[in-house]
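> just the structure for this:
(chains A, B and C)
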Amino acid sequence: MELNIHFRKESNLLKVFIEGEIDTFTAPKLRDKLESFDIDPNYIIELDLSKVVYMDSTGLGVIVALYKKVTREQGNLKLVGLSARLIRLFTITGLSELMNIEVEVKVE
Amino acid sequence: MNNILEVNINTEWDIITARQIARETSKSIGFDTVDQARIVVAISEIAKNIFMYAKAGLITIERLESAEEKGISITAIDNGPGILDIKSVFDESNSKGLGAGLPGVKRLMDSLEIQSELGGGTIVRIEKWLR
Amino acid sequence: MEQLLIQYKQILSDYISNRKEQNLYIGQNYIRQLIQKNVAPEDVINIHRKAIEEIYTQLPDTLTHAYDFLIEVMVQFGLQFREHQSLLVQQEELRIEMDIAANIQNILLKTEMPELESIDIGMVSEPIRKMNGDYVYFLYDEQNYLSVAVADVVGKGVPAALCMSMVKNGLETMKYANHNPSYVLEVLNNIIEKSVDDSMFVSSFYGRYDIEHGVFTYGSAGHEPALYFSAKNESYYDLNSKGLLLGVMPEVKYPQFTIQFEENDFIMIVTDGVTELKNYDVIESRNLLKKIAFPLRHLSAQKMCEKVYSELQKLQDYNLNDDFTIVILKK
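From the prediction side, this is the model:
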């Protein structure tokens, strides 16, 4: 399964569309892409996960690393379009308390 | 005959030009078909290294002639990322991809010298003598 | 080289006229000396070409060109073949080192299973690769407490193994089983958070059983909720908790919760290798686990773990895709 990543920039908002499976094999690609841009203070990075069909803990690791980087550079990270399964993953791991996650549950 | 010829390596086509010059030069020096093939494959490898790792560089092909011996010398100069640990390039059990194929090139030729600095480009000089 | 050509020409023309097994055998012995003299593949082709040219004087030009081409590609082939060979050697060396490292890890991270009168303990922990990314640690004293930690490192292989050693060291500094789960998780978090890699973290469940009072206290750091089975009610309950994964942020607080453990109750602590089965979502996997464990509830804790493992393995065609750990505590 492929992983596709697209960016769209709207003033100080960077939208990142992720499509496919995020697992041990595809996570390095995602990490490289997410490390490829600089973050200015007050910058908002929005990860759209609505097309993510599967994500394991390696994928979670990449997102945690991004969160740490964005927070350090005083930007904001927002996750949108999470499936019920992903919401459960972020809830159980305690990350939903930490990160800005759009909680509106998507109908699968 | 012109003793020194130069080829700029910017595109993959330039690799073919370099091969062609190496072949004609080595043939006119008197190398047999097998050695011609070795010299051409060697120049092809170092030209490809320039193309892949340094993007651009210069290859010089020189006829070597002394009273007793004849040979060919090929020098490749680039301004690429350079090689930090030259020894590791020749350690075949530790080939990290950078300067790939150099141990093989050394085997095809009689000698291979390399000068490099990290960030300061690389000079590779190979020679082969007619026996 | 001239000598080799003369020999080869002889052997080749003998074969062409007789085509006997004997001729081939001589050819085989001839090749041996080529190896000893370090003759390259392209030289062998060249010898062959020259021999053919001498045997058949009127070869068409096109065939000569074909030989030129073969020599040319053999030079490249020899180059790449040797490179490939050296990579294989390198790979083999790495594999051996990896085996040694895995053995050391298995010794270092071996779980010591306590045997207690008051509580029955079972465990299965099977790595998917050589090194286990899951870890189980027990601490106990005879009269008062039994504590259990189940940890799962994100990622696999060497980095995971190194991280797991940190978890083990952190747990060993506890020394006694009486510490509160919230305290233990906080200490572990501070240890792992100081590690360098931003994407390195660990999920962990920590439980402490008070033997005298039958009270089980637990906390979780981003771990899959454990399952509690109440024998009296014949039903399962998720041991839900709230707590961030270990290693994400410094100074995290972990809440702890308690349950009263009754006769024949059991607790199943698992890692996500158990709940992330292929073709099942997490909820379905957990339901499956409950269903499989239910008829086994009268067995010993160890037997239960083994049966659950073999059932799930069978169900997944003996092809589980993650480290698999299940711990059962049973009264």
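> shaky segments in the chain?
Just going to use chain A. A:1, A:104-108 (pLDDT under 70).
> switch to chain C, please.
For chain C, the ranges with pLDDT under 70 are C:142, C:155-157, C:196.
> again with chain B
The model of chain B has pLDDT under 70 over residues B:1-2, B:84-100.
> how about the strands in it?
B:4-9, B:57-65, B:70-78, B:111-116, B:122-129 (DSSP state E).
> who touches stretch A:24-33?
A:1-3, A:5, A:16, A:18, A:20, A:22, A:56, A:58-59, A:61-62, A:65, C:155-156, C:199 (Cβ atoms under 8 Å, 6 or more residues apart in numbering or on different chains). Bear in mind the C-beta positions are built from the backbone N, C-alpha and C, glycine included.
> reformat the strands of chain B as JSON lines; add mean neighbour count.
Shown next, in JSON lines, are those (neighbours: other Cβ atoms under 10 Å in any protein chain shown):
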{"stretch": "strand B:4-9", "mean neighbour count": "16"}
{"stretch": "strand B:57-65", "mean neighbour count": "18"}
{"stretch": "strand B:70-78", "mean neighbour count": "21"}
{"stretch": "strand B:111-116", "mean neighbour count": "16"}
{"stretch": "strand B:122-129", "mean neighbour count": "21"}
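> which one of the ones you listed lies closest to C:V148?
strand B:111-116 (55.6 Å; Cβ to Cβ).
> who does that closest one touch, helix- and strand-wise?
helix B:86-90, helix B:102-108, strand B:122-129 (3 or more Cβ pairs under 8 Å, 6 or more residues apart in numbering or on different chains; DSSP states H and E).
> at 10 Å what do you get?
Judged by 3 or more Cβ pairs under 10 Å, 6 or more residues apart in numbering or on different chains; DSSP states H and E, the packing partners of strand B:111-116 are strand B:70-78, helix B:86-90, helix B:102-108, strand B:122-129.
> now the last one: how far from the chain's centre is it?
The one in question is strand B:122-129. 5 Å (Cα atoms, centre = their mean, to the nearest Å).
> okay, and C:I121 sits in which element?
strand C:120-126 (DSSP states H and E).
> swap in C:Y206?
strand C:202-210.
> show me which residues of chain C sit near chain A.
Within chain C, the residues that sit near chain A (Cβ under 10 Å from any Cβ of the partner chain) are C:133, C:152-157, C:197-203, C:220-225, C:240-249, C:252, C:254, C:272, C:276, C:281-283, C:321-322.
> again, only this time at 8 Å
Contact residues, chain C versus chain A (Cβ under 8 Å from any Cβ of the partner chain): C:152, C:154-156, C:197-201, C:203, C:221-225, C:242-245, C:248-249, C:272, C:276, C:281-282, C:322.
> hang on, the earlier thing: just checking, what packs against the strand holding C:Y206?
Counting contacts by 3+ Cβ pairs under 8 Å, 6+ apart, strand C:202-210 is packed against strand C:145-153, helix C:157-172, helix C:181-193, strand C:215-221, strand C:266-270.
> buried set for that strand?
Buried residues in strand C:202-210, counted by 16 or more other Cβ atoms under 10 Å in any protein chain shown: C:V202, C:S203, C:S204, C:F205, C:Y206, C:G207, C:R208, C:Y209, C:D210.
> give the contact list for A:L3.
A:I18, A:E19, A:G20, A:E21, A:I22, A:T26, A:K29, A:L30.
> and the strand holding C:I121, how far out from the chain middle?
The mean C-alpha position of strand C:120-126 is separated from the chain mean by 19 Å, Cα atoms, centre = their mean.
> outline the domain layout of chain C.
Listed domain ranges for chain C are C:2-100, C:112-330 (source: automatic domain parsing).
> which of the ones you listed sits most buried?
With neighbours defined as mean count of other Cβ atoms under 10 Å in any protein chain shown, those peak in mean count at domain C:112-330, which reaches a mean of 19.
> chain center to that one: distance?
The answer for domain C:112-330 is 19 Å, by Cα atoms, centre = their mean.
> look up phi and psi at the residue lying farthest from the centre of chain B.
Within chain B, B:A67 marks the point farthest from the mean C-alpha position, 24.5 Å out by Cα atoms, centre = their mean. Main-chain torsions, B:A67, degrees, to the nearest 10: phi -60, psi -40.
> the residue nearest to C:G122 when sequence neighbours are not counted and B:A47: what is the separation?
Among residues not flanking C:G122 along the chain, C:A301 sits closest, at 3.1 Å (Cβ to Cβ, 6 or more residues apart in numbering or on different chains). To B:A47, C:A301 is 67 Å away according to Cβ to Cβ, to the nearest Å.
> got the phi and psi for C:M131?
phi -110, psi 140.
> what's the closest non-adjacent residue to it?
C:A161 (4.5 Å).
> give the contact list for the one you found.
C:A101, C:A102, C:Q105, C:L109, C:M131, C:N132, C:G133.
> what is the nearest of those to chain A?
Checking the contacts of C:A161 against chain A by Cβ to the nearest Cβ gives C:G133 as the nearest, at 9.2 Å.
> in chain A, which residue sits nearest chain B?
Closest point on chain A to chain B, by Cβ to the nearest Cβ, is A:P28, at 16.6 Å.
> gap between that residue and chain C?
10 Å (Cβ to the nearest Cβ, to the nearest Å).
> okay, now A:I92: neighbour count?
22 (other Cβ atoms under 10 Å in any protein chain shown).
> the one 4 residues further on too?
Taking other Cβ under 10 Å as the neighbour definition, A:S96 ends up with a count of 20.
> now name the helix or strand holding it.
Judged by DSSP H and E, A:S96 forms part of helix A:95-98.
> could the strands of chain B go into JSON lines alongside distance to A:V52?
Below are the strands of chain B laid out as JSON lines (distance: least, Cβ to Cβ, whole Å):
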{"stretch": "strand B:4-9", "distance to A:V52": "43"}
{"stretch": "strand B:57-65", "distance to A:V52": "43"}
{"stretch": "strand B:70-78", "distance to A:V52": "42"}
{"stretch": "strand B:111-116", "distance to A:V52": "44"}
{"stretch": "strand B:122-129", "distance to A:V52": "43"}
